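J.: sequence and computational prediction follow.
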Amino acid sequence: MAPVRVNAVIQARLSSTRLPGKVLRRLGGRSVLSWGVRAAAHAANLGTVIVATSDSPDDDPVAEEAVRAGAAVVRGPLDDVLARYELAAREHPCDAIVRLTADCPLHDPTLIGQVIGLWLADPSLQYVSNVVVRTLPRGFDAELVRRDVLAEQNERATGGHREHVTSAIYPQPAVYRCAGVIVGEDNSDLRVTLDTEQDAELLDAIVAELGDAVPSWRDVVALLRSRPDLVALNAEVVQKAMPTA
């Protein structure tokens, strides 16, 4: 029996609307993108780490930085993120992909490994994540999609679901078998993703306190709970809305 293969696909582009160029911004001693690649590479039971960027010449620096960070690269339509994921799965065959985003530099390899581990225990699951019920801070999101479901979404999804990749899957538990990783305490009020200058200020402060090592989500939460002044830096940032249809 062939071994089960799970790859990570990290979506990245320079033309983000609220903070252009954020994935190449320096954080500590490395780029934001390289933080995510490094975290994925440390996750258990994960194979190839792939950065899926656009085929626009503007994203040439993203592809170059991904290679420097040790990732494979695929390039596809700028405005069709789902197509890029499908391309990554075709060029690097696998049984499931873990979706990560480059604007979450503090990804915890343990959390990524827990999502993969839950699916390996029951491969009949079609979607596994740590955001089915959000208890972690925004910025530690990891989603696993079975390969056949990704292909189905690539054929069927329209509109905003092609940007958000998984947003037509988890709201349909009667259609797709979903499961979630949930931690005991609720820290979903915290935000460590990168979408605004306020977010960047907070991430700089976290790295200044915790250093350049691969982070633990528990250490990040402990720091923020002890420092309400840091939490206040991006407390007013509103997350962009997800598609509703």
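T.: Done, it's in. Residues are numbered from 1 along each chain as shown.

J.: going forward, measure contacts between C-alpha atoms and count neighbours the same way
T.: Noted.

J.: could you point out the helix or strand that follows the one helix or strand Glu155 maps to?
T.: Element membership of Glu155, judged by DSSP states H and E, is helix 147-156. Going down the chain from helix 147-156, the next helix or strand is helix 161-164, by DSSP H and E.

J.: buried residues in the lowest-mean-pLDDT helix or strand in the chain, which are they?
T.: In the chain, no helix or strand scores lower on mean pLDDT, DSSP states H and E than helix 161-164, which sits at a mean of 90. Residues of helix 161-164 classed as buried: 161-163 (neighbour count, 16 or more other Cα atoms under 10 Å).

J.: check stretch 12-27 too.
T.: Neighbour-count burial for stretch 12-27 flags 12-14, 19, 21-24, 27 (criterion: 16+ other Cα under 10 Å).

J.: identify the farthest-apart pair in those residues.
T.: Spatially, the most separated pair among the buried residues of stretch 12-27 is Arg13 and Leu27, at 16.9 Å (Cα to Cα).

J.: so what's Leu190 closest to, chain neighbours aside?
T.: In space, and not counting its chain neighbours, Leu190 is closest to Pro137: 4.7 Å by Cα to Cα, 6 or more residues apart in numbering.

J.: wait, isn't the one you found in contact with Ile182?
T.: No. With contacts counted by Cα atoms under 8 Å, Pro137 stays clear of Ile182, the gap being 11.7 Å.

J.: which strand residues bridge the most centrally placed residue in the chain?
T.: In the chain, the residue lying closest to the centroid (Cα atoms, centre = their mean) is Leu100, at 2.0 Å. When bridges are called by DSSP bridges, Leu100 pairs up with Ile10.

J.: can you give me the strands in this structure?
T.: Using DSSP state E, the strands found in the chain span residues 6-11, 26-27, 30-31, 49-54, 72-76, 96-101, 127-129, 143-146, 178-180.
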